[in-house]
Each structure stands twice: as C-alpha cells, then as structure tokens.
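**Q** Model the following, please.
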Amino acid sequence: MPRRKKQNYFNELLALGVIFLILRSLNSGSKDGTGPLAVVAPLTQIAVSLAAFILCVGLFLKARNWIKSRQQNRPQRLDLIGTGQSSNAEIASAVDGLDWFQLERLVAALFRAKGNRVETRGGANADGGIDLVVDSGSSTAAVQCKHWSKWKCGPNVVRELIGSMKHEGITQGFLVCRTATSAAFDLAGQERITIVDRNGLVDRIDSAIDSDNEEVRRLLFAPEKLCPKCGAPMVRRTVAKGSNVGSAFWGCSKYPECRQTMRV
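**A** Modelled structure (predicted):
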C-alpha cells in the first residue's frame with residue numbers, strides 16, 4: 001500500500017509572510033502619522049523582522065522539497081538492492097511462488113524501474129550464462145538469475161558468471177539467488193559482482209511497489225504463465241502415457257509448433 005505523504009506547510013508560511021509585508025506597506029507612512037495603520041507603528045520593526053524570518057523559512061522549505069523531488073525522480077542506474085531488509089511477508093510469499101521465467105521478467109522490470117535499458121538473453125533459448133544485459137547509457141552489467149530451487153549458490157556459480165562476463169567484455173554483474181555462501185560473496189566482491197539474495201530482492205520490490213510501479217506489481221501478484229521459448233501462454237496439461245502418467249505439467253499453447261514444457 002502507498003505510504004501516506006507528510007504534510008508540508010511552506011505554502012502557508014509564504015502566505016503569512018506576504019500578509020506581513022502587505023501590512024508593512026500599508027503602514028509605510030506611520031512615521032509621520034499619516035499611514036492608515038499608524039496605530040501599530042511601534043510594532044513595525046517586529047513585523048518586518050517576523051515577515052523576513054517567515055519568508056526565509058518558507059523559501060527554504062520550498063527549495064528543500066524541490067531538491068528532494070529531483071533526487072527521487074533521478075534514475076538510480078544499475079541499482080537493484082534496496083536499503084535494509086523488508087519484512088513484507090506478502091511480497092516474500094509471492095516471490096517464492098514465481099517460476100524461473102517469471103523471476104527473470106520481474107528482475108528485468110526492477111532494472112527498468114531505475115531508468116535502465118534491459119536486453120533479455122534468458123528464457124528457454126541459449127543465453128551464454130547471462131539472462132539480462134542492463135545498459136545505463138554509461139555502463140553495462142550482466143545479470144544471472146538462479147531460481148529458488150538452488151537454495152545456496154556457491155563460488156562455482158559466481159565463476160560461471162565471471163566467465164560469461166569476460167566472454168562478453170562486461171565488467172559488472174549481478175547474481176540473483178535465494179542465498180549464497182560466504183565464499184561466493186567474497187569472490188563476487190573481488191569481481192564487481194553484486195549478489196542479490198531473497199531478502200534484498202523482496203526489499204527492492206517493496207520499494208518499487210511503494211513508488212506505484214504497476215509493472216512490478218503486476219509481474220509479482222498477477223504473473224502471466226508464458227512460454228519461455230516463444231512467449232505464448234502456457235496451458236496446464238496432464239501426462240497421458242509413460243512412467244509419469246497422470247502427473248501435471250505446463251505445456252505451450254502453440255503445441256505442436258512449440259514443444260516447450262515447464263514443471264508445475
């Protein structure tokens with residue numbers, strides 16, 4: 001749910017400051033007793049000082065709000081990790097329910113939400129060890145997503161990504177996985193690879209949803225079951241013969257043109 005915005009009072013302060021200046025203007029003739037508000041002449045200096053103070057405070061708050069809005073709208077390039085760990089159980093549960101292709105699409109949306117261009121390399125086609133290539137305009141990063149069936153990624157997974165990055169001439173990378181060993185984190189830190197674990201991903205999703213990113217919300221809570229090979233909708237089917245007869249699986253709706261399947 002979107003968080004409630006804090007109330008700002010700089011408009012009220014500016015209006016109050018303007019009122020004081022108007023009073024000062026009307027009282028400009030008070031020194032010779034001709035001003036319409038000459039009766040408040042002893043308060044003239046106090047009113048002027050107070051008006052100046054209020055105007056300064058109002059302008060300061062206005063400038064601070066403008067700077068903050070510019071910073072919030074500025075793209076944070078090649079950034080996937082949020083600040084801290086989210087305790088949003090609903091998001092965590094939805095993340096755990098994604099299949100591997102849905103996870104790739106969600107991660108791509110998170111990078112796009114930061115103002116980056118994303119090239120998809122994954123899916124069922126050969127990707128050379130890189131699922132996404134993220135381009136910020138000034139730098140490029142390779143992204144590899146390991147689905148939650150791999151509970152703990154070791155240094156061998158990081159080495160695979162390093163090899164793919166060197167082959168592509170890319171010097172920065174991201175590894176998205178449920179969790180990783182300390183050896184994997186150490187190796188990744190030496191090679192400019194950021195490991196994004198489940199908690200970091202949930203936190204980043206929470207931030208995107210709080211910013212009303214509808215694409216991220218839809219891909220998480222209403223994910224489409226699409227064929228990772230051709231992009232057509234997947235259909236739930238049942239094995240009709242063989243050793244696994246009766247078991248369910250996802251099959252491409254374009255069968256027999258596309259024979260891609262996924263586990264249920």
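**Q** now the helices: where do they sit in the stretch 51-200 of the chain?
**A** 89-96, 100-113, 155-168, 182-190, 198-210 (DSSP state H, counting those that start in this stretch).
**Q** Could you list every helix and strand in contact with the second one?
**A** The one in question is helix 100-113. On a contact count with 3 or more C-beta pairs under 8 Å, 6 or more residues apart in numbering; DSSP states H and E, helix 100-113 meets strand 117-120, strand 132-135, strand 140-145, helix 198-210, helix 214-221. (C-beta placed from N, C-alpha, C; glycine too.)
**Q** Would you mind saying which of those lies nearest residue 59?
**A** Taking C-beta to C-beta, helix 198-210 is the member of those nearest to residue 59, at 29.6 Å.
**Q** Now the closest one: average pLDDT?
**A** Across helix 198-210, pLDDT averages out at 92.
**Q** Could you dump the helices and strands packed on helix 100-113 into TSV with distance to residue 253 and mean neighbour count added?
**A** Shown next, in TSV, are the helices and strands packed on helix 100-113 (distance: least, C-beta to C-beta, whole Å; neighbours: other C-beta atoms under 10 Å):
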stretch	distance to residue 253	mean neighbour count
strand 117-120	20	14
strand 132-135	25	21
strand 140-145	24	24
helix 198-210	28	20
helix 214-221	20	16
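**Q** could those go into a markdown table alongside distance to residue 254?
**A** What follows is the helices and strands packed on helix 100-113, written out as a markdown table (distance: least, C-beta to C-beta, whole Å):
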| stretch | distance to residue 254 |
| --- | --- |
| strand 117-120 | 19 |
| strand 132-135 | 24 |
| strand 140-145 | 24 |
| helix 198-210 | 31 |
| helix 214-221 | 22 |
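**Q** Residue 257 should be in a helix, yeah?
**A** No: counting by DSSP: H, G, I helix; E, B strand; the rest coil, one finds residue 257 to be coil, located in no helix.
**Q** Leaving out sequence neighbours, find the closest residue to it.
**A** Among residues not flanking residue 257 along the chain, residue 230 sits closest, at 7.9 Å (C-beta to C-beta, 6 or more residues apart in numbering).
**Q** So the one you found sits against residue 259, correct?
**A** No: look at residue 230 against residue 259 with C-beta atoms under 8 Å: they stay out of range, at 10.1 Å.
**Q** So for stretch 152-171, mean pLDDT?
**A** 94.
**Q** Any buried residues in it, and which?
**A** 153, 155, 157-158, 160-162, 164-165, 168, 170 (16 or more other C-beta atoms under 10 Å).
**Q** what's in contact with it?
**A** 128-130, 133, 140-142, 144, 146, 150, 172-173, 175, 177-181, 183-184, 186-188, 191-193, 195 (C-beta atoms under 8 Å, 6 or more residues apart in numbering).
**Q** 7 Å instead, please
**A** 128-130, 140-142, 144, 146, 173, 175, 177, 179-181, 183-184, 187-188, 191-193 (C-beta atoms under 7 Å, 6 or more residues apart in numbering).
**Q** pull the CA atoms of stretch 131-138 into PDB?
**A** Coordinates of the C-alpha atoms in stretch 131-138 are reproduced here as PDB (Å, rounded to 0.1, in the frame of the first residue of the first chain):
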ATOM      1  CA  ASP A 131      19.900 -13.800 -18.500                       C
ATOM      2  CA  LEU A 132      19.800 -10.000 -18.800                       C
ATOM      3  CA  VAL A 133      22.100  -7.300 -20.100                       C
ATOM      4  CA  VAL A 134      21.500  -3.900 -18.400                       C
ATOM      5  CA  ASP A 135      22.600  -0.700 -20.100                       C
ATOM      6  CA  SER A 136      22.500   2.600 -18.200                       C
ATOM      7  CA  GLY A 137      24.000   4.600 -21.000                       C
ATOM      8  CA  SER A 138      27.300   4.900 -19.300                       C
END
